[in-house]
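S.K.: dropping a prediction and its sequence here:
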Amino acid sequence: MSAKVEWNRRSFIKGAALAGAVPLIAGGSMAQQPSKQSQEVPSGQVPKKPLGRTGVQVSAMGLGGYHLGSAETEQAANEIVAKALDHGVDFFDNAWEYHDGLSEERLGKALRGKRQQAFVMTKVCTHGRDKKIAMRMLEESLRRLQTDHLDLWQIHEVVYDNDPDLIFAPNGAAEALLAAKQQGKVRFIGFTGHKDPEIHLKMLSHDFPFDTIQMPLNCCDATFRSFESHVLPEANRRGIAALGMKSLGGSGELVRHGAVTPEQGLRYAMSLPVATTISGIDTMQVLDQNLKIAVNFEPFAAGEMQALRAQCRVVAADGRLELFKMTTKYDGKVGREQHHFPTTQELPL
Amino acid sequence: MPQSSSGTIPLRKFGRSDAKISALGFGSHHLGEAPDEKTAVEIVHQAVDGGITFFDNCWEYRRGKTEVWMGIGLKGRRDKVFLMTKTCPHGRDAGLALQMLEESLRRLQTDHLDLWQVHGMAFDNDADLFIRPNGAAEALEKAKKDGKVRFVGFTGHHNPKVHLAMLNTGFPFDSVQMPLNAFDANFRSFEQQVLPELIKRGIAPLGMKPLNGHGEAIKNGAITAEEALRYAMSLPVATTITGMDSLEVLRQNLQIAQNFTPMSEAEMSALRDRCKPDAADGRFELYKLSLKFDNPEARLAHGFPLDTQQFEVKDMFGAEMNTGHPWPEKKF
């Protein structure tokens, strides 16, 4: 399937553009704690939202790629993807380095024959290395994902203080993004990171034509080293699509420590002015739980948002539930190697 | 060859006070890594004889072992030194901090401290927790008023912003301890952000981690021990605290300190530039980016997970272990 066909399909969908006026939807995070009762998924569809100024719409909840590799079997991953698609989830996240390629391979297989229904994103993992390596990773990602183009290609895990300098150095990853876009191999480009709003702002200060920017957004982030306060307004101002992640803390920390329920956490993130909220889902049970929230999604009112922020303020204040900001726990293997940091085993936190 | 076992180390003024302390300070975290009590005591003796007067310690190091060993080592020498230890409430109440003070005094076999500091300001809410009613600030005030401590301060290695938040509480600190080295100079820098503020306020700056904590950059070949220590000591600080876990390390440090001549500004600038590429992502300053250097006490008080591989955590589990015999006895 060619990029052109995909473009046409997108403009066809465009109709219902809510023009970003109303508080939108966005999505979530990783493994959540589904309740014991079975989740009845309503028959409706997950709502769509505009992807920044691109003219494209994506589902307000996105399927996180890391957890696709954590799903018990390939069959389970196939079923998760199929059911998500059936309920209107069309935003699929991934990364070259997730599970050493398994996550991309699984998504590629699960989307066989359904590629046109999906908005496929993956991430490049140069972690400071040059354009050539980025382009090689792109080819590998395309092959694993069994497609000839990506809808979105992002620079993964911009979390070290000198990453922006390395990315924008001559012959760095930023040049790869432009080249790939020019060659028609990717439609849109962006970057991701979970560490520090200042690093995101440093990336934005280069005035590079990013289409998207991915960041952690949750009820604790709102009052602690906050992407919501510092980065989200800037992305909105520039018309760059904001993609939320870690709505429940990365591994359900907010839920496990009783700060919020899965519904409060996911709805909070989805109520922010983002294009989608990416949620990691590794079992059918978690999928059903999240679909129920996303299909029935009603944005929180401003007062409800404020109440949730207040509810989380005390545990948010030291970052105990946002370990991705305060420790090295969520920093990946490839990035650590490139930055000469100890391994996860040597430096778990 | 300079004699190191009985020499002198330059003395410097401790902030606004009349007290003077040695430009090189004895860091005690590493003392707990000495093979046994006898070695530890010998290290302390030779440090005093070599001219070190500033002795660092902390209530939570090795579950009290380093305070106990230092207490034994300083018996009969207490008056020759400026003794500091730290309290570890990590956001908890003044009463707990004062209980720790009594324990520290007992272990160190003394009736007073020259300096008592709040340990490990690390988290964004630590300043609020410190200054709140019934927070550790009240403990510092009371201990000083009761004559149990002469001076008070705080320490931390994570984030210059947390140090500045502590200063902005308006509490009258006598000293502030922070990591200062040629890598810090270009990465989330205490040298740039905190040190000038202390000098302005007349608070004694105490440098630590001149060798990045565990000599990471030296092992890697990015800098020599002498360059690193001389750089830290050349900053406008009252002392530079460095860890000494063997007589060999002690002698090496004494030699550098006894022969100390400050680096010129040009030398310091050249060294900063040389270290800059390695400084840029914090690879040699993991204490700013991870919880690796934070004791279990701090993590527990703040609700963070423990790292079961950390030796402090192993110590903690070991100390709680039931050493009695099971009944009925297990047959293997």
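M.R.: Done, it's in. Numbers count the residues shown, from 1 in each chain, chains lettered A, B, ... in the order given.

S.K.: ok, residue 62 - how many residues close by?
M.R.: No chain was given, so I picked chain A. A:Gly62 sits with 30 neighbouring residues when counted by other Cβ atoms under 10 Å in any protein chain shown. For glycine as for every other residue, the C-beta is placed from the backbone atoms N, C-alpha and C.

S.K.: wrong one, chain B
M.R.: Neighbour count of B:Arg62, defined by other Cβ under 10 Å: 19.

S.K.: out of everything not next to it in sequence, what's closest to it?
M.R.: Excluding its sequence neighbours, the residue lying closest to B:Arg62 (Cβ to Cβ, 6 or more residues apart in numbering or on different chains) is B:Gly32, at 3.5 Å.

S.K.: burial of that neighbour, as a residue count?
M.R.: 23.

S.K.: pull the contacting residues for A:Gln154.
M.R.: Listed by Cβ atoms under 8 Å, 6 or more residues apart in numbering or on different chains, the contact partners of A:Gln154 are A:121-124, A:189-192, A:212, A:214.

S.K.: please produce JSON lines containing those residues, extended by pLDDT and secondary structure.
M.R.: Listed next are these as JSON lines, based on pLDDT from 0 to 100; DSSP: H, G, I helix; E, B strand; the rest coil:
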{"residue": "A:Met121", "pLDDT": "98", "secondary structure": "strand"}
{"residue": "A:Thr122", "pLDDT": "98", "secondary structure": "strand"}
{"residue": "A:Lys123", "pLDDT": "98", "secondary structure": "strand"}
{"residue": "A:Val124", "pLDDT": "98", "secondary structure": "strand"}
{"residue": "A:Ile189", "pLDDT": "98", "secondary structure": "strand"}
{"residue": "A:Gly190", "pLDDT": "98", "secondary structure": "strand"}
{"residue": "A:Phe191", "pLDDT": "98", "secondary structure": "strand"}
{"residue": "A:Thr192", "pLDDT": "98", "secondary structure": "strand"}
{"residue": "A:Thr212", "pLDDT": "98", "secondary structure": "strand"}
{"residue": "A:Gln214", "pLDDT": "98", "secondary structure": "strand"}
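
S.K.: let me have the residues you listed in CSV, extended by distance to chain B.
M.R.: Output for these, formatted as CSV (distance: Cβ to the nearest Cβ, whole Å):
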residue, distance to chain B
A:Met121, 26
A:Thr122, 24
A:Lys123, 19
A:Val124, 19
A:Ile189, 23
A:Gly190, 22
A:Phe191, 17
A:Thr192, 17
A:Thr212, 24
A:Gln214, 21
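
S.K.: and the strands in the chain, which stretches?
M.R.: In the absence of a named chain, this looks at chain A. Secondary structure of chain A (DSSP state E): strands located at A:48-50, A:57-59, A:61-64, A:91-92, A:119-124, A:150-155, A:186-192, A:212-216, A:241-245, A:276-280.

S.K.: my question was about chain B
M.R.: Going by DSSP E, chain B shows strands at B:11-13, B:20-22, B:24-27, B:54-55, B:82-87, B:113-118, B:149-155, B:175-179, B:204-208, B:239-243.

S.K.: quick one on the thing from earlier: so which of the strands of chain A is the most surrounded?
M.R.: Among the strands of chain A, strand A:276-280 has the highest mean neighbour count (mean count of other Cβ atoms under 10 Å in any protein chain shown), at a mean of 33.

S.K.: what mean pLDDT does that strand have?
M.R.: Per-residue pLDDT over strand A:276-280 has a mean of 97.

S.K.: which helices and strands sit right next to it?
M.R.: Secondary structure elements in contact with strand A:276-280, counted by 3 or more Cβ pairs under 8 Å, 6 or more residues apart in numbering or on different chains; DSSP states H and E, are strand A:61-64, helix A:66-70, strand A:241-245, helix A:262-270.
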